[in-house]
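> fold the following for me, if possible:
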Amino acid sequence: MALSSTSNITHTSGKSLVAINGTQLPLKFSAQNYSTWHAQITPLLQGHNLMGYVTGTIICPPTHVEKNGTHISNPDYEFWECQDQLILAAIIASVSFSFMNTIADSKTSAEAWNKLQLLNIFSLSNPLRKNSSCVAVPYMMLISSFMSWVELA
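Have a look, this model is predicted:
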């Protein structure tokens, strides 16, 4: 029997949370492999309808709602918070140790995602600024890599 690499956890609201197992993300993010790492994690998030958490299209609901004239905790917020933290944990687990400090203080999966995107931009733009020492073929490969990232963003 095959082991499931994700698990569905029932939240108190009755909705299912998706927990991603680290074995689904064997490639760890590093300064040199953003495109490959992105190609690994994106289909996983999209396949579970979770991509909106990291892109910001699944917006955090209000923490409280009014019910019968009183303010109560919003179960939609509680679900969103739990799911977002599970995604954040998966992102942190998919980052090499040397880059964990970059995202360790992230409060949401979107914040961690954006920090990794910025880190990639900086790592790609550094050699582009120092192009005087590049020969044509590696420089063109570097530009191609940068353009691939722009298409992903």
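> what's near enough to touch His71?
Shown in contact with His71 (Cβ atoms under 8 Å, 6 or more residues apart in numbering): His64, Val65. C-beta coordinates here come from the backbone N, C-alpha and C atoms, glycine included.
> begin at 254, not 1, for the rest of this chat.
Sure thing, new numbering starts at 254, so read that last one as His324.
> which residues does it bridge with?
Assessed by DSSP bridges, His324 has beta-bridge partners Glu319.
> and it, how far from Glu331?
14 Å (Cβ to Cβ, to the nearest Å).
> again, but for Ala272
Taking Cβ to Cβ, one finds Ala272 at 16 Å from Glu331.
> centre-most residue in this structure?
Centroid-nearest residue in the chain, with Cα atoms, centre = their mean: Trp366, separated by 4.1 Å.
> isn't that one right up against Ala343?
No: between Trp366 and Ala343 there is no contact, the gap being 11.0 Å when judged by Cβ atoms under 8 Å.
> so for the longest helix along the chain, mean pLDDT?
Looking across the chain with DSSP state H, the single longest helix is helix 362-382. Averaging pLDDT along helix 362-382 gives 82.
> which other helices and strands contact that helix?
Packing partners of helix 362-382 (3 or more Cβ pairs under 8 Å, 6 or more residues apart in numbering; DSSP states H and E): helix 287-300, helix 304-308, helix 328-346, helix 353-356, helix 389-405.
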